[in-house]
Structure formats: structure tokens, C-alpha cells
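[1] Here's my sequence, what's the structure:
(chains A, B, C and D)
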2 protein chains.
Amino acid sequence: MADIATLQVPQITRRPLHEEAVDRLRELIVQGRIAPGTRLNERLLCVQFGVSRTPLREAIKLLAAEGLVQLLPNRGAIVAKVEAARVAETLAVMGVLEALAGELACRNATDAHLGEIRALHYEMLAMHARGDLAGYFKFNQAIHLKLVKYSGNAVLYQLYRQLNASVRQARYMANLTKKRWDEAMREHDEILAALDARDSARLKALLSDHLTHKLASVIGVLSSPAAA
Amino acid sequence: MADIATLQVPQITRRPLHEEAVDRLRELIVQGRIAPGTRLNERLLCVQFGVSRTPLREAIKLLAAEGLVQLLPNRGAIVAKVEAARVAETLAVMGVLEALAGELACRNATDAHLGEIRALHYEMLAMHARGDLAGYFKFNQAIHLKLVKYSGNAVLYQLYRQLNASVRQARYMANLTKKRWDEAMREHDEILAALDARDSARLKALLSDHLTHKLASVIGVLSSPAAA
DNA sequence: AAAATCCAGTTTGCATGCAAATCATGGAGG
DNA sequence: CCTCCATGATTTGCATGCAAACTGGATTTT
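    Take a look at the predicted model:
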């Protein structure tokens, strides 16, 4: 008897509030609902999240180490600004990380994993065909994240996600031109082919180029904001 | 008048206690004074640091996002364990980061920067000649850090330092054998030569190999702890 | 008029107190 | 003897209160 009850016991302990706060605040930031440079007013966010200042402050500290917010001693925290220079640096790093991920994924990913990526790839192509930019970004992100995940290197995955979050807003500005979007799709085709063939050297080169192109695209947008 | 007074005004505000706590706690952890897996007792650390629990808890959250400690909901935090698998993964990532750093440093480092690295290189050789392991580690670390710093990519530098800290204990186990130590010195000679020649392709390859060798060395030690 | 000073109002940083969860120890039952 | 459960002690998580620091604008000084 009481199997269900005993099984639930380890789960009834509720999730700490500061974890909840971290997720909600991160969501607000990466979605751009709080403009970069804005001060995070503790009291305001408290009432918004329905928690006290203590767990909220702990959440802010977590996000600070992630690089999403910047701590100003005695002046609280502000949403980290996404400066063009920093985005460029971040994408350069992500480029080599993804190249490594591709290399490892060729060795470590299972056929099932490859199938999953292939499925996402076609979903992405569908979004591209429809001109659904939001949907495209979603699947594009998913593909890149899965690829890194299936590298089998957990440290790499965690780091990549961290960097990705810190430039998420900027990435949304990347493939703005139709030309660049089409080109990115061709690149993705090649990436998938190399992955399927488990050609690690080729995949590595393709991913590196892909990120370099994305970098150039993002920089172009960031350095001339009026062009949007 | 009152130049000194007005200049000091912005500085009299004392450093927040949680920042102090972060530094002291990080020091304890990376130096291995607190064994991996140990629970961080808040009350204990409070009296040790002379601060209240609130700033201490915030410090722990910062270190958690850095990866030095692991948060267990409702059970506080423990010092992150350095498992062989995780060290291997981390070194693999550091390898590509350093390769990128070398590539960038060839382009961006000034001659003064190169001179500084060269000086550190000779200091390291001196330590090697004396058989001073601790001194050798110190200068070896300095060289690698400076190289990454002089890449000019701040994101890369921050990430590299973070990863380096998280496996610091393990790195001390790396060059245990005389043979590996001598080999590492030869590799460093080549690295310096490539950097001086600003041969980015060669430097990239050398650094990548260097880390791969270090990885193999560390793994060998970690997987057979009795062999020490 | 421009710059420096001063003074509320607001916000952050920190200490403390309390409730919930976890841990440890001992005893009952098999 | 081992397992399971109960219960007190410890520890974590959170809310609140207070002091220090910052902010912005009015006042004074040059």
C-alpha cells in the first residue's frame, strides 16, 4: 500500500523561491522585456514575483555570475548591455565551441540523436519556407543546442548555453536580410550532411564558418542600428 | 582646496561584504582547503568570515554559477567534486579556447606583451631547471593566462579563468612525471617561437596539442590515484 | 549664470528571527 | 542482525527591520 504516497514524499518539498525567481528574471531579460542598462529595482521585482527581497537578491547574484546582469556595488544591478564588441567576442568563442561540439558529436552522437536533429532541420526549413521568423529562430536555436548537447561534453554544453543566453537578444537581429537567411539555410544543409556522414573535419569547418558568417551579420546590424 | 577630500569621497564607501566573502570562499575552495563534496555550513563560515548569513548566502550563489560549488535545494551547497570525466571535458574545452586565444594573440598582442610572456617563459624554465614544482606551476599558469588575456577577447579571458579555477586542483596533478615535464618544456619552447613569429596556424596547433597532452597526463593520474 | 553644497526620499546592504526541511540517533518490529 | 520508522537537533530558506549609501533637486556661493 501507499506506493504513491511514499513515492511522492521526496517531491512534496517545494522548489526554493530563489530558483523560481532566477528563471522568471532570466526570462524577462533574455526576452528583452527589461532593456539593457536598466536598473533592477529590487522592491519592484519583489511585488512582481511575489517573493521577499532575500531570495530575489540571491537570484540576481546567480544571474550576475552568468553574465546577464552586472552588479554595481551599493547601486544594485543593471541588465548587462549588449555592446557590439562584446557580442563579437562572444560569438567568436561560440564558434570554436560549436566546432568542437561538432567534432565530438560525429563520434559520440547516436543515430537516434542524428534523427532528432534531422527532424528539427526539416521543421526549420518549413519555417523558412513560410517566412516565419520567430518559428525559424526557435528551431535554429534548438538545432545548435542539440548539436552541442549530443557532443557528450556536459561542460561544453553548459558553457555554450550560458554564452547563448548572454547574446540571445543580439542573435535575433542576425539573419535579417533574406539573402543571409537563404545562405544560412544552405549552410545548415551542408552541416546536416557532414553530420550524417560523421565527417568531423568537414563539420568542424562548416560550423566555424557558419558562426563567422553569423558574427558578421550581427555586427553589421549592431553597428548600424538605424538600418533596422 | 580640499582636493584630497573630494577625490576620496567616491572611495570611502566600503566594499560590500558579500564580495569579500566571495573572494575568501573562492580562495578556500580553489586551494583545496575545503575538500570537494564537503557541505558548506553557512553558520560555520559566517563566524569564520565575520559576516551574517545573508551576504554569505549571496556569495555562495555567485560561486554556484561559476561552477565551484553545487547547490542542493533545501540542502545548501557542497564544494563541486572534480571527477575525472568532468576534468577531461573541461580540459577539452580549454584546449579549443586556448587555441583560439593563440590565434588572436598572434594578431592582437603587442611586442611588449610578447616580451612579458617571454620573460615568464624564462622564469618558468628556471623553475624547471631547479626542479621547483610549485614555482613552475605558478609561472606556467601565468603564461597561459597572459596568452589568453593578450588575445584581446575579454569574454574568452573570463571564461578561460573560470574553467581554469574549476580544475585548478586537478591541474596540479598533471606534470607529475619527469618525462612529461621535460616534454611540456619543449612544447612551451615551440609555443613561444610560434608566438614570436606570429604564426597563428602553427601556434593554434601547438596549443591544441599541448592541452591534449596535459589532458592525457591528468587523466592518467586521476584514473589511477594509487599510482601517485 | 555656473558650480558646488546640502538635504529629503529612495534604494541597497546587512542582521536577525521564525518556519519548513533535512539529518542523526535511538528504538521497535521483523 | 538488519530494516524501518519516529523524534529531537540542526540547518536551510525566507521575511522583515534598520542603517548606510545613493539620487535628484533646491539652495547657496562664487
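
[2] what about A:Arg168, how many neighbours?
    18 (other C-beta atoms under 10 Å in any protein chain shown). In this view, the C-beta of every residue, glycine as well, is placed from N, C-alpha and C.

[3] Can you tell me the closest non-neighbouring residue to it?
    Spatial nearest neighbour of A:Arg168, chain neighbours left out: A:Val30 (4.5 Å); criterion: C-beta to C-beta, 6 or more residues apart in numbering or on different chains.

[4] and that neighbour, what are its phi and psi?
    Main-chain dihedrals, A:Val30, degrees, to the nearest 10: phi -70, psi -20.

[5] A:Ala170 is in contact with that one, correct?
    No. If you go by C-beta atoms under 8 Å, A:Val30 and A:Ala170 don't touch, sitting 10.8 Å apart.

[6] who has more neighbours, those two?
    Legend: neighbour count by other C-beta under 10 Å for A:Val30 and A:Ala170, higher for A:Ala170 (20 against 17).

[7] What strand or helix carries the more buried one?
    Assigned by DSSP states H and E, A:Ala170 belongs to helix A:168-171.

[8] By proximity to chain B, which residue of chain A wins?
    Distances between chain A and chain B by C-beta to the nearest C-beta are smallest at A:Ala65, namely 3.1 Å.

[9] Quick check: that residue is in a helix.
    Yes. Assessed by DSSP: H, G, I helix; E, B strand; the rest coil, A:Ala65 belongs to a helix.

[10] Give me the spatial nearest neighbour of it, chain neighbours excluded.
    Closest residue in space to A:Ala65, ignoring its immediate chain neighbours: B:Ala65 at 3.1 Å, by C-beta to C-beta, 6+ apart.

[11] what do you get for A:Gln141?
    That would be A:Asn164: by C-beta to C-beta, 6+ apart, it lies 7.5 Å from A:Gln141.

[12] mind listing what the one you found touches?
    Shown in contact with A:Asn164 (C-beta atoms under 8 Å, 6 or more residues apart in numbering or on different chains): A:94, A:141, A:144-145, A:171.

[13] quick one: secondary structure of the spatially most central residue of chain A?
    For chain A, the residue nearest the mean C-alpha position is A:Asn164 (3.5 Å; C-alpha atoms, centre = their mean). Under three-state DSSP, A:Asn164 falls in the helix class.

[14] separation between it and A:Ala105?
    16 Å (C-beta to C-beta, to the nearest Å).

[15] next one: A:Thr13
    37 Å.

[16] what residues does chain A put near DNA strand D?
    A:16-18, A:51-55, A:58, A:74-75 (C-beta under 7 Å from any atom of the strand).

[17] Taking those, please make a ChimeraX selection of just the buried ones.
    Only the buried members of the residues of chain A next to DNA strand D enter the following ChimeraX selection, criterion being 16 or more other C-beta atoms under 10 Å in any protein chain shown:
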select /A:17,18,51,54,55,58
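
[18] can you redo the residues of chain A next to DNA strand D as a markdown table with pLDDT, distance to chain B and secondary structure?
    Formatted as a markdown table, the residues of chain A next to DNA strand D follow (pLDDT from 0 to 100; distance: C-beta to the nearest C-beta, whole Å; DSSP: H, G, I helix; E, B strand; the rest coil):
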| residue | pLDDT | distance to chain B | secondary structure |
| --- | --- | --- | --- |
| A:Pro16 | 90 | 5 | coil |
| A:Leu17 | 94 | 11 | helix |
| A:His18 | 95 | 8 | helix |
| A:Val51 | 95 | 15 | coil |
| A:Ser52 | 96 | 11 | coil |
| A:Arg53 | 96 | 10 | helix |
| A:Thr54 | 97 | 7 | helix |
| A:Pro55 | 97 | 10 | helix |
| A:Glu58 | 96 | 5 | helix |
| A:Asn74 | 93 | 6 | coil |
| A:Arg75 | 94 | 10 | coil |
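
[19] how's chain A carved up into domains?
    A:3-79, A:84-227 (automatic domain parsing).

[20] Of these, which stretch is the most buried?
    Among the domains of chain A, the stretch with the highest mean neighbour count (mean count of other C-beta atoms under 10 Å in any protein chain shown) is domain A:84-227, at a mean of 18.

[21] Pull the distance from that domain to the chain's centre.
    Distance, stretch centre to chain centre, for domain A:84-227: 10 Å (C-alpha atoms, centre = their mean, to the nearest Å).

[22] Distance check, the residue of chain A found nearest DNA strand C against A:Leu40.
    Among the residues of chain A, A:Gly76 lies closest to DNA strand C, at 3.1 Å counting by C-beta to the nearest atom of the strand. Per C-beta to C-beta, A:Gly76 is found 6 Å from A:Leu40.

[23] Likewise for A:Ala64?
    Counting by C-beta to C-beta, the gap from A:Ala64 to A:Leu40 is 10 Å.

[24] Over to A:Leu72?
    From A:Leu72 to A:Leu40 the distance is 10 Å (C-beta to C-beta).

[25] check contacts around A:Leu40.
    Neighbour list for A:Leu40: A:25, A:34, A:60, A:69, A:76-79 [criterion: C-beta under 8 Å, 6+ apart].

[26] Now intersect those with the helices, please.
    A:25, A:60 (DSSP state H).

[27] Can I get the contacts of A:Leu40 in JSON lines including pLDDT and distance to B:Glu190?
    Conversion of these to JSON lines gives the following (pLDDT from 0 to 100; distance: C-beta to C-beta, whole Å):
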{"residue": "A:Leu25", "pLDDT": "95", "distance to B:Glu190": "47"}
{"residue": "A:Ile34", "pLDDT": "92", "distance to B:Glu190": "49"}
{"residue": "A:Ile60", "pLDDT": "97", "distance to B:Glu190": "46"}
{"residue": "A:Val69", "pLDDT": "94", "distance to B:Glu190": "42"}
{"residue": "A:Gly76", "pLDDT": "94", "distance to B:Glu190": "49"}
{"residue": "A:Ala77", "pLDDT": "96", "distance to B:Glu190": "45"}
{"residue": "A:Ile78", "pLDDT": "96", "distance to B:Glu190": "45"}
{"residue": "A:Val79", "pLDDT": "95", "distance to B:Glu190": "45"}
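
[28] Tell me the one among the contacts of A:Leu40 nearest to DNA strand D.
    A:Gly76 (8.7 Å).

[29] what's in contact with the host helix or strand of A:Met185?
    Here A:Met185, judged by DSSP H and E, is contained in helix A:178-196. For helix A:178-196, the external contacting residues (C-beta under 8 Å, 6+ apart) are A:102, A:105-106, A:109, A:114, A:117-118, A:121, A:124-125, A:128, A:136, A:140, A:143, A:147, A:174-175, A:202-203, A:206-207, A:209-210, A:213-214, A:217.
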